[in-house]
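S.K.: this one's sequence-less:
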């Protein structure tokens, strides 16, 4: 039985992971749960799964949760970044689901790898910010990092049974988000409510905005580079509005292997937990006769500047991807708070990147310093823009 810690249990990925676990009681056991501020949902999860320990973001929330659980559960309640890191390395677990949103997921994931835990990775920012460090540590510890992102899961599945030396390129697919057909002029009036309405996927707030700007695809390019040890010229992007082909791998002989499925995160989560098996889920089957047509187009870098900026960041290398990511997280938060306009998101990111002089980060601490610097600069740039 696989013993699992879920970092980000109350988010979209965390909830779907718990559905997979609940549907397979003989396969998996929940050892620990880490959440942000949603103690109502975390309370329900603790009562259902009775983990050894759980953690929330703040001490006052931990106190409130302990009081509610008194007499009902023996789950130990921790708090803050220290609590998250302790859960990531907890002795009872052998596998950690890294699904905390944003840069805050980096350190707990790093601590889980240091502790020798297998990683099922949904937090792409971990690879964007510190891909080289993370992959080197995982290799040193001889532990797998299995992708949960649907695109990276598709690549991983399409690589099974094939020689890495025969790979020519990978093709990441993108839905194009809710504004695929909008002009720049039309995007000026986009609101957070509009941007949160993804046409195909049910996701958290931050990733929904990243999908609307296509920044999410830029982050995925960087993640794919590190996860699969690729050169940047081996990674292409195609917009595929139907979200049926989740990504593809092309080999030297011209063969293209694709993974298809309905757009639901249950599939990649289930595969990351059960690999190399494909265990049964309750999802409806993919009916291609009902889908009818699958279409593809190149992404428009002019209208979706965030994608171009992500590719620029990875080309610059060193600390720049961490700075780009920190600026993006800050700008997305400002947009969701109605402090900036949609098209100001890439403007703030670009200004922050232009102000940065890349350096070679020698560890996680240096990465987090670059992240903090980027957030501070992005806030100042937003104020200059009238936020």
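M.R.: Received, thanks. In this text, all values refer to a predicted model and were calculated from it rather than measured experimentally.
S.K.: Distance from the chain centre to the top helix by length along the chain, please.
M.R.: Taking DSSP state H as the assignment, the helix of the chain that covers the most residues is helix 364-384. Here the centre of helix 364-384 is set off from its chain's centre by 20 Å, with C-alpha atoms, centre = their mean, to the nearest Å.
S.K.: ditto for stretch 229-247
M.R.: 16 Å.
S.K.: can you check stretch 105-117 too?
M.R.: Relative to the chain's own centre, stretch 105-117 is displaced by 15 Å; criterion: C-alpha atoms, centre = their mean.
S.K.: quick one: buried residues of stretch 49-69?
M.R.: Across stretch 49-69, burial judged by 16 or more other C-beta atoms under 10 Å covers 49, 51-57, 61-62, 65, 68-69. Where you see a C-beta, it was placed from the backbone N, CA and C, and this is true even at glycine.
S.K.: I meant to write stretch 377-387 there.
M.R.: So, applying 16+ other C-beta under 10 Å, buried residues of stretch 377-387: 377-379, 381-382, 387.
S.K.: Out of these, the closest to residue 245 would be?
M.R.: Ranking the buried residues of stretch 377-387 by separation from residue 245, with C-beta to C-beta as the measure, puts residue 378 on top at 34.6 Å.
S.K.: Wait, the closest one touches residue 354, no?
M.R.: No. Counting by C-beta atoms under 8 Å, residue 378 stays clear of residue 354, with 11.8 Å between them.
S.K.: show me where the stretch 251-387 of the chain has strands.
M.R.: Defined through DSSP state E, counting those that start in this stretch, the strands belonging to the stretch 251-387 of the chain, from first to last, are 256-260.
S.K.: quick one: low-confidence ranges for it?
M.R.: Per-residue confidence of the stretch 251-387 of the chain (counting by pLDDT under 70) places no residue in a weak region.
S.K.: domains of the chain?
M.R.: Using automatic domain parsing, the domain parsing of the chain gives 2-147, 305-384.
S.K.: before we move on, the earlier item: as a markdown table, the buried residues of stretch 49-69 with pLDDT, secondary structure and distance to residue 220 would be great.
M.R.: Converted to a markdown table, the buried residues of stretch 49-69 look like this (pLDDT from 0 to 100; DSSP: H, G, I helix; E, B strand; the rest coil; distance: C-beta to C-beta, whole Å):
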| residue | pLDDT | secondary structure | distance to residue 220 |
| --- | --- | --- | --- |
| 49 | 97 | helix | 30 |
| 51 | 98 | coil | 30 |
| 52 | 98 | coil | 33 |
| 53 | 98 | strand | 32 |
| 54 | 98 | strand | 30 |
| 55 | 98 | strand | 28 |
| 56 | 97 | strand | 29 |
| 57 | 96 | coil | 26 |
| 61 | 97 | helix | 32 |
| 62 | 97 | helix | 34 |
| 65 | 97 | helix | 34 |
| 68 | 96 | helix | 38 |
| 69 | 97 | helix | 38 |
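S.K.: closest to residue 371 among those?
M.R.: Minimum distance to residue 371 across these is 17.5 Å, recorded for residue 57 (C-beta to C-beta).
S.K.: Once you drop chain neighbours, what's closest to that closest one?
M.R.: In space, not counting the residues next to it along the chain, residue 57 is nearest to residue 36; the distance is 4.9 Å by C-beta to C-beta, 6 or more residues apart in numbering.
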